[in-house]
Every structure is written in C-alpha cells, then in structure tokens.
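Student: sequence and predicted structure are below.
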Amino acid sequence: MRLSAPRVEPVDLAKIDDEQREALAVFASAARDVTKSEGTVLNIFRTLVLAPKALTSFLAWGSYILSRRNSLPERERELVILRTGFNCRSGYEFTQHTRIGLDSGLTEAEIEAIKVGPSDPSWSEADRAMLQATDDLTRDFHVSDASWAALSFLTQKQQMDLVFTVGNYTQVSMLLNSFGVQLDPGQELDPALDHRPR
C-alpha cells in the first residue's frame, strides 16, 4: 500500500444518491438493497462511485477484461494481472487478485514467483514470455520485438488481450494507489507491497 489512509473516502452506502445507487446496481448485493449491504460492495467501487458515470464506464471495460470475451485463459489472465499489480506496487490490486488467481488455477508457489518475475526459474517458457511482456509494458509502455516474438504461441487476439489486460490493470493500480483505497475487511497485505509511511 502506498497510503495508510484514503485520500478519497469511500461512500457510506446508507447516504448515496440515486445516480450512485444506479451505478452500483450491477452488484447483486447492491441490487437487493444497497443501503443495507455495507461491507459487501468493495472499497474500490465505494470509492469510484463518487464519479458514477466514470464507474459505469469503468465496469463496462472491466467486464470485458474479466470475461470469456478476453481470449486469455483465466489462469494466464490472472498471471499478468498479478504481475501488473505487483509492478505498480498496488497492494489492493495484488491482494484482491491473489484470491482470484488461486481460484483460477495459480498455485501459492506461483503467486510468490510472480513477485520475482520472469527470471524465476520455475516458470514455463510460455509463462515467462507473458511475464516479460507484462514487465515491458509496465516499465517501457511497449512490448519489445523480442518479447513480442516470444508470444508467438498466442493467437493475435490473445496478444492483443494481454496488452489490454495489462493496460487496464495499470490504470486500476494508478487509481487505487493515488486515491488511497484501503484493503477490504478481513484482507491481509502482502509485506512486499507495504510501502506506507511509518
């Protein structure tokens, strides 16, 4: 985490206006009765709903990235999301997607190796290539020719979806880091991403 407290406070769900309520209605718990579901709408969404039209657009693109329309298999999608979150030093993003990654087929050992990156010797050639492309994008905002060539096992659509995924989660990490979105109840921060001032 970059900040120990929010710069932008998440909304109190009991005090939201109609436009905010409509923006949050996409969540099952929110659709039932958002005013009674404090704690079930994640802090990221309780923060972003302060700009309800932006949240609605954000969710539309995010639903592509996290759906089967994204041609990357779930495990590989989470591999690059977690590396992006780690490279962006986004404790919130890395924490949320660790659980999702485990549910998508990544192992705890692989989650640890993601923090090392493509140089970890445990990676397959394909995983290493995707991690290297992710590192290129989060460092230089461009996939090098060598890294692109190493992605030749992916279809062109999968290559595009890898770039879309890293780009989306770079943006998400910037929002989380800059707004100071804090972990949700019951979550623990990976010590490698605890950058809060002491």
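Tutor: Thanks, I have the structure now. Numbers count the residues shown, from 1 in each chain.
Student: going by C-alpha atoms from here, please, whenever you check contacts or count neighbours.
Tutor: Fine.
Student: for Lys53, what are its contacts?
Tutor: Listed by C-alpha atoms under 8 Å, 6 or more residues apart in numbering, the contact partners of Lys53 are Ala23.
Student: so Asp161 touches Pro73, yeah?
Tutor: No: here Asp161 does not reach Pro73: they are 10.4 Å apart, not a contact under C-alpha atoms under 8 Å.
Student: out of these two, which sits in the busier spot?
Tutor: Remark: of Asp161 and Pro73, Asp161 carries more neighbours, 19 against 13, as counted by other C-alpha atoms under 10 Å.
Student: element containing that one, please.
Tutor: helix 156-179 (DSSP states H and E).
Student: tell me, how many neighbours does the nearest residue to Thr56 once chain neighbours are set aside end up with?
Tutor: Using C-alpha to C-alpha, 6 or more residues apart in numbering and skipping the chain neighbours, the partner closest in space to Thr56 is Ala23 (5.8 Å). Neighbours of Ala23 under the rule other C-alpha under 10 Å: 22.
Student: also the one 4 residues further on?
Tutor: Using other C-alpha under 10 Å, Phe27 is surrounded by 13 other residues.
Student: and it, what's its pLDDT?
Tutor: Phe27 carries a pLDDT value of 79.
Student: what's the closest non-adjacent residue to Phe27?
Tutor: Excluding the flanking residues, the one nearest Phe27 by C-alpha to C-alpha, 6+ apart is Val41, at 7.6 Å.
Student: sketch out the low-pLDDT regions of the chain for me.
Tutor: Flagging of the chain using pLDDT under 70 yields the residue ranges 28-39, 196-198.
Student: mind running it again at 50?
Tutor: Residues of the chain that meet the criterion pLDDT under 50 lie in 29-39.
Student: how is it carved up into domains?
Tutor: Per automatic domain parsing, the domain ranges recorded for the chain read 13-65, 74-179.
Student: of all these, which one is nearest Leu3?
Tutor: Among those, domain 74-179 comes nearest to Leu3, with 7.3 Å by C-alpha to C-alpha.
Student: pipe the domains of the chain into CSV and attach distance to Glu188 per row.
Tutor: Converted to CSV, the domains of the chain look like this (distance: least, C-alpha to C-alpha, whole Å):
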stretch, distance to Glu188
domain 13-65, 14
domain 74-179, 7
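Student: out of those domains, deepest packed?
Tutor: For these, average neighbour numbers computed from mean count of other C-alpha atoms under 10 Å are highest in domain 74-179, which has a mean of 19.
Student: and it, how far from the chain's centre?
Tutor: How far domain 74-179 lies from its chain's middle: 10 Å, per C-alpha atoms, centre = their mean, to the nearest Å.
Student: now stretch 182-193
Tutor: Offset of stretch 182-193 from its chain centre (C-alpha atoms, centre = their mean): 14 Å.
Student: between the two ends of it, how far is it?
Tutor: 13 Å (C-alpha to C-alpha, to the nearest Å).
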